[in-house]
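Novice: got a structure for you, letters missing:
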């Protein structure tokens, strides 16, 4: 009697195992194809720059750099956007200057020499 297989149990366990594997594959695909895709942030930043919204473009380029910090092109776009930003207050201009210096250091790390 103990050697008799319980088919319902096997179907339930197999179904849950299959569902778990499919869910894991879906999560990995979404992570690789959507969440780590820096190009979509660069495209959004380019659109914002075309509209004259340099500060928002700077933020979008920053997201792209956050995902791929070693891509020099993204850092250069971020520097360009920050160069076109006009600060409203002296404190904001100091913060923008510090951000620009940090970008220069990051640019040097990404492309030494």
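Specialist: Received the coordinates, thanks. Bear in mind the structure is a predicted one, so any value in this text is a computation, not a measurement.
Novice: per-residue pLDDT, the closest residue to residue 65 other than its chain neighbours?
Specialist: In this structure, residue 65 finds its nearest non-sequential neighbour in residue 74, 4.8 Å apart by CB to CB, 6 or more residues apart in numbering. Using the backbone N, CA and C atoms, a C-beta is placed for each residue, glycine as well. The per-residue pLDDT reported for residue 74 equals 94.
Novice: OK, contacts around residue 74?
Specialist: 38, 42, 61, 64-65, 68 (CB atoms under 8 Å, 6 or more residues apart in numbering).
Novice: Next, work out how far apart it and residue 14 are.
Specialist: 45 Å (CB to CB, to the nearest Å).
Novice: Same question for residue 107.
Specialist: 53 Å.
Novice: and if you look at residue 75?
Specialist: When residue 75 is compared with residue 14 (using CB to CB), they lie 49 Å apart.
Novice: can you give me the helices in the chain?
Specialist: Taking DSSP state H as the criterion, the chain contains helices spanning 7-30, 39-50, 54-67, 72-83, 90-110.
Novice: tell me the most buried of those helices?
Specialist: helix 54-67 (a mean of 20; mean count of other CB atoms under 10 Å).
Novice: and that helix, what does it pack onto?
Specialist: Helices and strands touching helix 54-67, by 3 or more CB pairs under 8 Å, 6 or more residues apart in numbering; DSSP states H and E, are helix 39-50, helix 72-83.
Novice: quick one, that helix and helix 72-83 angle?
Specialist: 150 degrees (axes from the mean of the first three to the mean of the last three CA atoms, to 10 degrees).
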